[in-house]
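A.B. asks: next input, structure requested:
(chains A, B, C and D)
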Number of protein chains: 2
Amino acid sequence: MSPRSSVAEARRTRQRIVERGIALASRDGLEGLTIGRLAADLKMSKAGVLGHFGTKEALQLATLEGAAAAFSRLVWEPAADVRPGLPRLRAVCEAWIAYLDLDAGRAVFPGGCFFTTASIEFDARGGPVREAVARMSRVWRRRLAAEARTAVAAGDLPADTDPDQVVFELIGLFMALNQEIQLFAAPDATDRTRRALDRLLGPCPARSAP
Amino acid sequence: MSPRSSVAEARRTRQRIVERGIALASRDGLEGLTIGRLAADLKMSKAGVLGHFGTKEALQLATLEGAAAAFSRLVWEPAADVRPGLPRLRAVCEAWIAYLDLDAGRAVFPGGCFFTTASIEFDARGGPVREAVARMSRVWRRRLAAEARTAVAAGDLPADTDPDQVVFELIGLFMALNQEIQLFAAPDATDRTRRALDRLLGPCPARSAP
DNA sequence: CCTACCGATCGGTAGG
DNA sequence: CCTACCGATCGGTAGG
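C.D. replies: Okay, here's the model as predicted:
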C-alpha cells in the first residue's frame, strides 16, 4: 500500500520509452530509432534510456513487442467477440483498415504499419530482430488462417478454399493499402481494399446459404 | 577514336558506384547506404565516391534511378514485344516474379524489391527521395493500368473491370510475394502468386472468347 | 581520383 | 536516473 515504489516507477518509465520508441520507429524504422534522439524526445539522458534495455538490440526487441501488443489490442481484440469464421475474419479486416487509416491507429503508429516497416528493414539481414519479426508474422498468419479454415468448415467460404492462399492475398492487400495511404495519401484506398475483400471473401452483407 | 578519355573513365566509375550502391541499398536501404561502406566495398576513398554526386541525397537519387533502369530492363523489356493487353500483362507478371525470385533479379537486387524497400523507408518523411519514389511508382502503375485497359477493350478482361483496381491488387500481390521470399524463403510463394493472378486476370492458358 | 581533416552523432561504459 | 566520457563512424570539405 506504499505510494508507488521505485520499481513501479521504473516500469512506468520503461513503458513511456517503449511507447515513444514505437512512434519514432514507425516513421524511421527500428534501425533509424537512435538512443540519442529517443532520449532527447523524452527529455532523458541517453544512459537513462539505455539502462532499461542494455543494448540497442534489446530496445528494438522491446519496441517490437510493444508494437505487437498494440496491434493485438487495436486489430484483434475488437473482433475477438465476433462469431469465429467469416464474421470474425471480416471484423478483423475492418479493424485492420482502421489501424492503417484512422486516428486510432495512426496516433500509435504515425509512420504506417509497424510490421511492414520492420519486415522490410530486416528481411535481408540476420539476427534476433529479424527472427522476432518473422515469428510475429507467422503467429498473425496462423490466426488468420484459423479463421479462414473455420469459415470453410461453416460453409461460409467455398469448400475448395485454401486458407493459406486467402491469408497470402490478405497480407498483400493490406500492404498495398498501407502504401496507398503512406506514399499517396489516397482517400479511395479503403474502398479499393473493401472491394478486393469482397472478391476474396465474398460480398460483405448477408450471404444466403450456398 | 582516342583511347578512353578521362571523361569516359569517370562515367564508367560513376556507373560502377551506382551498381554497387543498388546492391548494398537493396539490403540495407537507401539511408543505410553509407558513403564510407560503399567506398570501402569499391576500394575507393570516401571523397572519390562522393565527388561523383556531391551529397548523399544525390547519391540516393542516382541509385534510385539506376535501380529503375534495371527494373525496366528486367521486368518491362522482356514483355515489350508481347501483344499489348492481357498477354503483355501476363508476360510482365512472369518477369516480375523472376525479378523477385530468380538469380537474374536477385543478382542485381540481393535484398529484394528495391522499390518496396525505398517506399517503406521514405513514405513517412518528406524530401526529394520520397517524391522520386512516388513518381516512379506512379509511372509503373500507369503502365500496368494501360495494359489492363487494353485488355478490357480487347474483351480479354470483363467489361466492368476497373483497371486501377487490378493494378492495386497486383501491387499487393507482388509485395506479398516479396515478403514471402525475403522473410520466409518460402518455395511455394511463386505458385501462390500465379494462383492469385489466375483469380485476378483469369486462368492463364488459352481462354476461349467470352 | 587521393590524403587529411572537420564537427556531429552513433552505441555504449564508468561511476555515482 | 544523471554527468562525463570512450572509440568508431557519419556526411562533408580543403587542397592537391
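A.B. asks: can you show me the CA trace of the helix or strand bottoming out on mean pLDDT in chain A as CSV?
C.D. replies: Using mean pLDDT, DSSP states H and E, the weakest-scoring helix or strand in chain A turns out to be helix A:103-108, at a mean of 78. Extracted in CSV, the C-alpha atoms of helix A:103-108 (Å, rounded to 0.1, in the frame of the first residue of the first chain):
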residue,chain,number,x,y,z
ASP,A,103,-6.7,8.3,-35.9
ALA,A,104,-6.9,5.4,-33.5
GLY,A,105,-4.1,3.5,-35.3
ARG,A,106,-2.2,6.5,-36.7
ALA,A,107,-1.9,8.0,-33.3
VAL,A,108,0.1,4.9,-32.1
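A.B. asks: by contact count, what packs against it?
C.D. replies: Using 3 or more Cβ pairs under 8 Å, 6 or more residues apart in numbering or on different chains; DSSP states H and E as the contact test, the elements touching helix A:103-108 are helix A:6-32, helix A:86-101. Every C-beta, even on glycine, is put in place using the N, C-alpha and C of the backbone.
A.B. asks: for chain A, what lies in contact range of DNA strand D?
C.D. replies: A:9-10, A:13-14, A:43-49, A:51-52 (Cβ under 7 Å from any atom of the strand).
A.B. asks: now those as JSON lines including neighbour count and pLDDT?
C.D. replies: Rendered in JSON lines, the data for those read as follows (neighbours: other Cβ atoms under 10 Å in any protein chain shown; pLDDT from 0 to 100):
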{"residue": "A:Glu9", "neighbour count": "10", "pLDDT": "91"}
{"residue": "A:Ala10", "neighbour count": "12", "pLDDT": "92"}
{"residue": "A:Thr13", "neighbour count": "16", "pLDDT": "97"}
{"residue": "A:Arg14", "neighbour count": "16", "pLDDT": "98"}
{"residue": "A:Lys43", "neighbour count": "7", "pLDDT": "98"}
{"residue": "A:Met44", "neighbour count": "18", "pLDDT": "98"}
{"residue": "A:Ser45", "neighbour count": "13", "pLDDT": "98"}
{"residue": "A:Lys46", "neighbour count": "14", "pLDDT": "98"}
{"residue": "A:Ala47", "neighbour count": "9", "pLDDT": "98"}
{"residue": "A:Gly48", "neighbour count": "14", "pLDDT": "98"}
{"residue": "A:Val49", "neighbour count": "22", "pLDDT": "98"}
{"residue": "A:Gly51", "neighbour count": "13", "pLDDT": "97"}
{"residue": "A:His52", "neighbour count": "18", "pLDDT": "98"}
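A.B. asks: from the residues you listed, pick the one nearest B:Glu57.
C.D. replies: Comparing the residues of chain A next to DNA strand D against B:Glu57 with Cβ to Cβ places A:Lys46 closest, at 27.3 Å.
A.B. asks: look up how far A:Phe115 lies from the residue nearest in space to the middle of chain A.
C.D. replies: Residue closest to the average C-alpha location in chain A (Cα atoms, centre = their mean): A:Phe71, at 4.1 Å. Computed as Cβ to Cβ, to the nearest Å, the A:Phe71 to A:Phe115 distance reads 7 Å.
A.B. asks: can you check A:Leu30 too?
C.D. replies: From A:Leu30 to A:Phe115 the distance is 11 Å (Cβ to Cβ).
A.B. asks: neighbour-wise, which of the two wins?
C.D. replies: A:Leu30 (25 against 21; other Cβ atoms under 10 Å in any protein chain shown).
A.B. asks: please verify my assumption that that one contacts A:Glu65.
C.D. replies: No. In this structure, A:Leu30 is not within contact of A:Glu65 by Cβ atoms under 8 Å, at 11.8 Å.
A.B. asks: one step back: in what helix or strand does the residue nearest to the centre of chain A lie?
C.D. replies: Using DSSP states H and E, A:Phe71 sits within helix A:56-71.
A.B. asks: tell me which strands and helices that helix is in contact with?
C.D. replies: Helix A:56-71 packs on helix A:6-32, helix A:35-42, helix A:46-50, helix A:114-122, helix A:128-153, going by 3+ Cβ pairs under 8 Å, 6+ apart.
A.B. asks: give me the helices and strands touching the shortest one, please.
C.D. replies: Counting by 3+ Cβ pairs under 8 Å, 6+ apart, the packing neighbours recorded for helix A:46-50 are helix A:35-42, helix A:56-71.
A.B. asks: got TSV for these, with mean pLDDT and distance to DNA strand C too?
C.D. replies: Shown next, in TSV, are those (pLDDT from 0 to 100; distance: least, Cβ to the nearest atom of the strand, whole Å):
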stretch	mean pLDDT	distance to DNA strand C
helix A:35-42	98	2
helix A:56-71	98	3
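A.B. asks: what's the most buried one of these?
C.D. replies: With neighbours taken as mean count of other Cβ atoms under 10 Å in any protein chain shown, the helices and strands packed on helix A:46-50 reach their highest mean count in helix A:56-71, at a mean of 19.
A.B. asks: now the angle from it to helix A:114-122?
C.D. replies: Here helix A:56-71 points in a direction 150 degrees away from that of helix A:114-122 (axes from the mean of the first three to the mean of the last three Cα atoms, to 10 degrees).
A.B. asks: list the buried residues of whichever helix or strand comes after helix A:56-71.
C.D. replies: Next helix or strand after helix A:56-71 toward the C-terminus (DSSP H and E): helix A:77-80. For helix A:77-80, the neighbour count (16 or more other Cβ atoms under 10 Å in any protein chain shown) marks A:78-79 as buried.
A.B. asks: how about the closest residue to DNA strand D within chain A, nearest residue that isn't a chain neighbour?
C.D. replies: Relative to DNA strand D, the nearest point of chain A is A:Gly48 (2.2 Å; Cβ to the nearest atom of the strand). Using Cβ to Cβ, 6 or more residues apart in numbering or on different chains and skipping residues adjacent in sequence, the residue nearest A:Gly48 is A:Ala39, 6.8 Å away.
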